[in-house]
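Participant: Test case, fold it:
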Amino acid sequence: MHTETLKKDWITSIPKEDIVRKIYICYPTKAFLGKEEIGFQIFDEISRFFNIPYSSIQVVGSAKTGESYYKFTEFSQGSSDLDIAIISPELYLKYMELSFKVTKGYSDQTKFKINKHRQSDIHQFKKCISQGIFRPDLMPSCTEKTEWWKFFNKLSNRYHDLFKNINAGIYATQYFFEFKQIEALTKYMERIGGSSL
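Facilitator: Next comes the predicted model:
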């Protein structure tokens, strides 16, 4: 349903934001079909951990659509990830302020990891936040980062028979969420030879 709609709607005059809303917000999550109670339990735990509305939580990636538009692979129970998008201005701001404080206004770059290119993660971190995305893997070292990973590691272990890992990122607003998904879908459609008006 997801991919068929994408391919059909992409070449029409339907706004790309509407396509994203159909696929990622309205349509059911493939990985939870027949497992709706498990989907509720996972969302409920995330909602309670972050103290956010249940409605702020969305699923992206192959668990949502049934296939990865990035890797061109189908969702596989037990070996694919469950990627969570939290759309919450309040939570985004909370972690932004935290990152600012623990790095003393980003002047203390030792709090950021050094990546495989021997560069500080601060550059990628700033790029993401400029696009309204907070990625926990890029955030500076602090107690809250440790707690974040502890929570998601426990969640992943609890549902390891369904998902390889359960991960999450925060979007500042629905606009930024839609923008990111449009960007990814555009690349996918270009790779399969699709076009748009």
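Participant: my read is residue 168 is in a strand, agree?
Facilitator: Yes. Counting by DSSP: H, G, I helix; E, B strand; the rest coil, residue 168 is part of a strand.
Participant: gap between the residue positioned nearest the centre of the chain and residue 98?
Facilitator: Closest to where the C-alpha atoms of the chain average out (CA atoms, centre = their mean) is residue 85, at 3.7 Å. Look at residue 85 and residue 98: by CB to CB, to the nearest Å, they are 20 Å apart. Backbone N, C-alpha and C define where each C-beta goes, glycine included.
Participant: If you count neighbours, what's buried in the helix or strand containing residue 5?
Facilitator: Using DSSP states H and E, residue 5 falls within helix 2-10. The neighbour-count check on helix 2-10 (16 or more other CB atoms under 10 Å) flags 2, 5-6, 9-10 as buried.
Participant: quick one: the helices in the protein?
Facilitator: 2-10, 16-20, 36-50, 62-65, 89-102, 122-130, 143-158, 174-191 (DSSP state H).
Participant: Take these and lay them out in a markdown table including mean pLDDT and distance to residue 73.
Facilitator: Putting these into a markdown table (pLDDT from 0 to 100; distance: least, CB to CB, whole Å) gives the following:
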| stretch | mean pLDDT | distance to residue 73 |
| --- | --- | --- |
| helix 2-10 | 94 | 13 |
| helix 16-20 | 97 | 21 |
| helix 36-50 | 98 | 21 |
| helix 62-65 | 98 | 7 |
| helix 89-102 | 97 | 30 |
| helix 122-130 | 94 | 24 |
| helix 143-158 | 98 | 19 |
| helix 174-191 | 96 | 13 |
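Participant: Of these, flag the one that's most buried.
Facilitator: helix 62-65 (a mean of 23; mean count of other CB atoms under 10 Å).
Participant: what does that helix rub up against?
Facilitator: Here helix 62-65 makes contact (CB atoms under 8 Å, 6 or more residues apart in numbering) with 2-3, 23-24, 27, 29-31, 58, 68, 71, 73-75, 80-83, 163.
Participant: Would you confirm that residue 24 contacts residue 58?
Facilitator: Yes. Proximity of residue 24 to residue 58 meets the contact threshold set by CB atoms under 8 Å, at 6.0 Å.
Participant: Find residues that contact each of these two.
Facilitator: Common contact partners of residue 24 and residue 58 (CB under 8 Å, 6+ apart): 64, 85, 177.
Participant: Out of these, the closest to residue 169 would be?
Facilitator: When the shared contacts of residue 24 and residue 58 are ranked by distance to residue 169 (CB to CB), residue 85 comes first, at 6.2 Å.
Participant: what bridges to the closest one?
Facilitator: Taking DSSP bridges as the rule, residue 85 bridges to residue 58, residue 169.
Participant: list the contacts for it?
Facilitator: 24, 57-60, 168-169, 171, 177.
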